[in-house]
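J.: Sequence and predicted structure below; questions after.
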Amino acid sequence: MLGTVVSCFICLTSIAVTAISGLVIFFAKLIFIDNEKNRLKKILNRKKNEREEEFARLRSLYKLEAEQQNVISLSWDDLIEKLQKRELTATQVLQAYIGKALEVSEKCNPITDFIPQAHVWAEELDNLNHVKGPLHGVPFCVKDDTNVIGMDTTHGYVKRLYKPATESSVIVKVLQDLGAIPFCKTNVPQTVFTYGSDNLIFGTTTNSHNPKLSPGGSSSGTGALVGAGGSLFGTGTDIAGSLRIPAHFNGVSSIKPTLGRVGSKGHVSSLPNVIGVEIVFGIIAQNPTIVGAVSKLMLENQRQTVHDPLALPIQWSTDAFESKKKLRIGYFTSLPYFPTMGDSGDMVIKAKEALESLGHTLVPFQMPDSFNYMKMIVKFALADQARHFKECWKNEEVANGVKLAWISSKIPLWGQKILSRILKSRVLPFLHSPRSAILFGGGATTSIELMDAMGQKMEIIDQISTEWENLKLDSLICNVLPFPALVLDAPGNLPIAAIYTIIWNLVDFPAGVVTMGYESGKKFSMYNDDGDMALKLAVKSVKDSVGAPIGIQVVGRRFQDEVVLRVMKELEPFNTFKSRNNDSNQ
């Protein structure tokens with residue numbers, strides 16, 4: 001009897017101890033989480049105050065007087081010439097562009113921080129008895145996700161503040177070897193995995209031409225700063241359109257090179273272990289001429305291999321870039337998965353007719369089933385079930401532009417599959433969206449699924465390559481997105497529209513953007529939304545897009561980047577957005 005009582009006592013004591021221990025651990029975690037959130041909040045407030053004070057200090061130092069305005073107004077060729085002849089100093093040009101960038105910051109908030117070392121680098125150039133290189137003294141901006149020595153690389157996460165890079169990325173080093181000066185870092189959306197533009201540290205970047213519209217992303221700040229004239233060119237990265245979409249939204253130009261042609265060392269990836277689609281470095285610039293000039297200088301003489309042995313030692317091909325040979329170019333104007341709206345498709349036809357007027361031959365191109373390859377892309381992009389982003393979001397406040405992704409990450413896999421079925425059906429008509437359904441529960445969950453997706457990827461590459469070879473193409477033109485720049489909060493809710501850009505990341509074809517014109521708004525009311533929630537949302541999201549620039553993509557075969565740049569440059573004179581903009585500013 002006594003043994004039974006003792007046993008019961010021990011059992012109850014064990015239960016009580018376990019329960020108390022569990023409660024202690026539970027409350028300890030709550031206290032830790034609360035303390036960590038408070039710590040991050042203090043860091044955030046500190047950074048915001050410091051940034052505000054620094055920008056105010058710089059505004060008191062750098063004014064856009066007549067002398068600085070004259071520098072800013074110089075064309076690319078004229079600026080290069082004056083710097084090469086030492087008619088302008090690197091310091092004079094840097095000061096002018098800091099002044100302009102500060103002015104632009106008040107308009108669309110593209111800059112996270114100015115780089116203090118830029119002044120030292122400019123002085124070093126001025127003290128040389130010779131020019132350092134062909135870009136001697138030319139300032140450029142750097143995307144937040146790209147390391148610059150002494151500067152933070154945040155991805156819009158507070159926890160990454162005050163952890164400066166100890167070494168610059170390869171692309172920054174190469175540009176500095178050429179004489180260029182990195183002078184500021186530019187904003188990105190939190191996660192750097194959306195074409196939105198906001199985070200809690202640096203706020204929201206807006207479109208360089210219309211504050212109601214998005215600047216695109218994730219190279220949001222670079223696109224907006226270049227679009228507003230605050231920098232002649234800047235760096236960006238691209239895993240699904242992050243160089244091309246900001247160029248399209250801001251009326252400028254860019255290129256996503258073939259993987260490996262620009263070294264990636266020194267980049268902090270937004271999704272480090274993703275399989276199937278890989279990130280590449282590239283340039284956003286005010287026009288195709290500058291994109292071509294900077295690309296040529298970076299790629300010739302195997303400059304990058306000095307800093308990154310993994311960069312492909314493929315020489316710049318002057319013959320391909322300067323060739324006068326007439327080309328065969330494919331084109332398409334829409335994809336069934338997300339049909340184009342407004343004047344977007346018409347801009348491809350405008351480019352087609354422009355190229356035909358130059359003597360090139362244009363032929364229709366048939367893409368593979370866009371519904372199928374979107375499913376396959378999702379298997380790669382969402383294979384980690386948002387594990388990486390959930391870790392990054394831990395104890396962080398979530399930015400508005402990624403709220404949908406954050407909410408989705410909270411839904412268990414079985415719940416996502418149920419939601420996918422609901423979206424495919426018409427049980428709830430207002431939620432009907434077979435297109436969006438692909439996103440939910442679509443990530444590969446086993447190695448077998450991932451391997452199958454790799455097999456499907458090879459089939460897509462084969463289908464596109466076969467069509468390309470059958471048509472004997474040199475290049476291809478198509479849309480960047482199915483629409484022009486959207487209202488600010490829309491991109492995070494319409495990730496599926498990137499179907500037009502991500503396909504070229506998937507097959508690793510170089511793709512650039514050249515602006516062709518602007519949106520008239522006359523055809524929006526004719527759009528067939530197919531009863532799909534996502535397409536309906538897109539129609540609502542272009543309500544302020546009249547007058548927004550529209551770009552097109554120029555695509556080439558792997559390692560035919562020079563052909564892409566050649567076609568872009570030939571289309572540059574046909575850009576009516578630029579002439580319209582100039583007229584409106586007079």
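T.: Here it is on my side, so go on.
J.: Going along the chain, name the strands of the stretch 101-250 of the chain.
T.: For the stretch 101-250 of the chain, the strands defined by DSSP state E, counting those that start in this stretch cover 111-114, 139-143, 181-186, 198-199, 203-204, 233-238.
J.: can you redo the ones you listed as a markdown table with mean neighbour count, distance to E300 and mean pLDDT?
T.: For glycine as for every other residue, the C-beta is placed from the backbone atoms N, C-alpha and C. Shown next, in a markdown table, are these (neighbours: other Cβ atoms under 10 Å; distance: least, Cβ to Cβ, whole Å; pLDDT from 0 to 100):
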| stretch | mean neighbour count | distance to E300 | mean pLDDT |
| --- | --- | --- | --- |
| strand 111-114 | 24 | 30 | 98 |
| strand 139-143 | 29 | 18 | 98 |
| strand 181-186 | 28 | 20 | 98 |
| strand 198-199 | 29 | 36 | 98 |
| strand 203-204 | 18 | 39 | 98 |
| strand 233-238 | 29 | 17 | 98 |
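J.: So which of the ones you listed is nearest T258?
T.: Proximity to T258 (Cβ to Cβ) singles out strand 233-238 among those, at 11.6 Å.
J.: ok, now which ones touch Q84?
T.: Q84 is in contact with 131, 134, 136, counting by Cβ atoms under 8 Å, 6 or more residues apart in numbering.
J.: Can you name the residues that contact the last one?
T.: The neighbourhood of H136, defined by Cβ under 8 Å, 6+ apart, consists of 83-84, 90, 125, 178-180.
J.: my guess is L161 contacts M151, does it?
T.: No. Assessed by Cβ atoms under 8 Å, L161 is found out of contact with M151, at 11.1 Å.
J.: contacting residues around I377?
T.: So I377 contacts 276-277, 502-503, 506 (Cβ under 8 Å, 6+ apart).
J.: Apply 7 Å and report the result again.
T.: I377 makes contact with 277, 502, 506, according to Cβ atoms under 7 Å, 6 or more residues apart in numbering.
J.: Which strand or helix spans the second one?
T.: To tie it back to what came earlier, the one meant is I502. Counting by DSSP states H and E, the element that carries I502 is helix 499-506.
J.: Name the next helix or strand following that helix along the chain.
T.: strand 511-518.
J.: Mind giving me the packing neighbours of that following strand?
T.: Judged by 3 or more Cβ pairs under 7 Å, 6 or more residues apart in numbering; DSSP states H and E, the packing partners of strand 511-518 are helix 244-250, strand 253-256, helix 344-357, strand 549-555, helix 561-571, helix 576-585.
J.: can you put these in JSON lines and add mean pLDDT, mean neighbour count and distance to R421?
T.: Shown next, in JSON lines, are the helices and strands packed on strand 511-518 (pLDDT from 0 to 100; neighbours: other Cβ atoms under 10 Å; distance: least, Cβ to Cβ, whole Å):
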{"stretch": "helix 244-250", "mean pLDDT": "98", "mean neighbour count": "34", "distance to R421": "31"}
{"stretch": "strand 253-256", "mean pLDDT": "98", "mean neighbour count": "34", "distance to R421": "35"}
{"stretch": "helix 344-357", "mean pLDDT": "98", "mean neighbour count": "19", "distance to R421": "31"}
{"stretch": "strand 549-555", "mean pLDDT": "98", "mean neighbour count": "29", "distance to R421": "34"}
{"stretch": "helix 561-571", "mean pLDDT": "98", "mean neighbour count": "25", "distance to R421": "41"}
{"stretch": "helix 576-585", "mean pLDDT": "60", "mean neighbour count": "13", "distance to R421": "43"}
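J.: With distance to T305 as new columns, can those be given to me in JSON lines?
T.: Below are these laid out as JSON lines (distance: least, Cβ to Cβ, whole Å):
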{"stretch": "helix 244-250", "distance to T305": "26"}
{"stretch": "strand 253-256", "distance to T305": "20"}
{"stretch": "helix 344-357", "distance to T305": "35"}
{"stretch": "strand 549-555", "distance to T305": "26"}
{"stretch": "helix 561-571", "distance to T305": "17"}
{"stretch": "helix 576-585", "distance to T305": "36"}
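J.: need the helices for the stretch 151-300 of the chain, in chain order.
T.: Secondary structure of the stretch 151-300 of the chain, counting by DSSP state H, counting those that start in this stretch: helices at 170-177, 220-227, 244-250, 288-299.
J.: returning to that earlier point: ok, the contacts of Q84 vs M516, which is closest?
T.: Closest to M516 out of these is P134 (29.3 Å), distances taken as Cβ to Cβ.
J.: circling back to that earlier point, what's the closest of the helices and strands packed on strand 511-518 to S168?
T.: That would be strand 253-256 among those, by Cβ to Cβ, at 21.2 Å.
J.: Tell me where the stretch 301-450 of the chain has strands.
T.: 328-331, 361-364.
J.: nearest spatial neighbour of G260, skipping sequence neighbours?
T.: Distance criterion Cβ to Cβ, 6 or more residues apart in numbering; nearest residue to G260, sequence neighbours excluded, is L312 at 4.1 Å.
J.: The one you found against T258, yeah?
T.: No. Using Cβ atoms under 7 Å, L312 makes no contact with T258, being 8.1 Å away.
J.: which of the two has more neighbours?
T.: Counting neighbours by other Cβ atoms under 10 Å for L312 and for T258 shows that T258 has the greater number, 21 against 17.
J.: pretty sure K417 is in contact with L439, am I right?
T.: No. With contact defined as Cβ under 7 Å, K417 does not reach L439; the gap is 11.7 Å.
J.: that older thread, can you add mean neighbour count and give the strands of the stretch 301-450 of the chain back as TSV?
T.: As requested, these are exported to TSV (neighbours: other Cβ atoms under 10 Å):
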stretch	mean neighbour count
strand 328-331	21
strand 361-364	15
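J.: of all these, which lies closest to N395?
T.: So among the strands of the stretch 301-450 of the chain, strand 328-331 is nearest, using Cβ to Cβ, at 48.5 Å.
J.: tell me which strands and helices the closest one is in contact with?
T.: helix 344-357, strand 361-364, strand 475-479.
J.: Okay, helices next: where are they in the stretch 301-450 of the chain?
T.: Under DSSP H, counting those that start in this stretch, the stretch 301-450 of the chain gives helices at 318-322, 344-357, 370-381, 387-393, 403-410, 413-424, 434-437, 447-470.
J.: So which of those is the most surrounded?
T.: The highest mean neighbour count among the helices of the stretch 301-450 of the chain, using mean count of other Cβ atoms under 10 Å, belongs to helix 434-437: a mean of 22.
J.: So which elements touch it?
T.: In terms of contacts (3+ Cβ pairs under 7 Å, 6+ apart), helix 434-437 is packed against helix 413-424, helix 533-541.
J.: Give me the residues contacting that helix.
T.: Residues contacting helix 434-437 (Cβ under 7 Å, 6+ apart): 337-338, 420, 423-424, 496, 532-534.
J.: give me that answer again for 6 Å
T.: The contact list for helix 434-437 (Cβ atoms under 6 Å, 6 or more residues apart in numbering) reads 420, 423-424, 496, 532, 534.
J.: Equivalent analysis for stretch 322-330, please.
T.: Applying Cβ under 6 Å, 6+ apart, the contact partners of stretch 322-330 are 355, 359-363, 365, 471-476.
J.: Now for those residues: which two are most distant?
T.: Maximum pairwise distance in the contacts of stretch 322-330, criterion Cβ to Cβ, is 19.4 Å, between G359 and F365.
J.: would you turn the strands of the stretch 101-250 of the chain into JSON lines with distance to G330?
T.: Below are the strands of the stretch 101-250 of the chain laid out as JSON lines (distance: least, Cβ to Cβ, whole Å):
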{"stretch": "strand 111-114", "distance to G330": "39"}
{"stretch": "strand 139-143", "distance to G330": "31"}
{"stretch": "strand 181-186", "distance to G330": "34"}
{"stretch": "strand 198-199", "distance to G330": "37"}
{"stretch": "strand 203-204", "distance to G330": "38"}
{"stretch": "strand 233-238", "distance to G330": "21"}
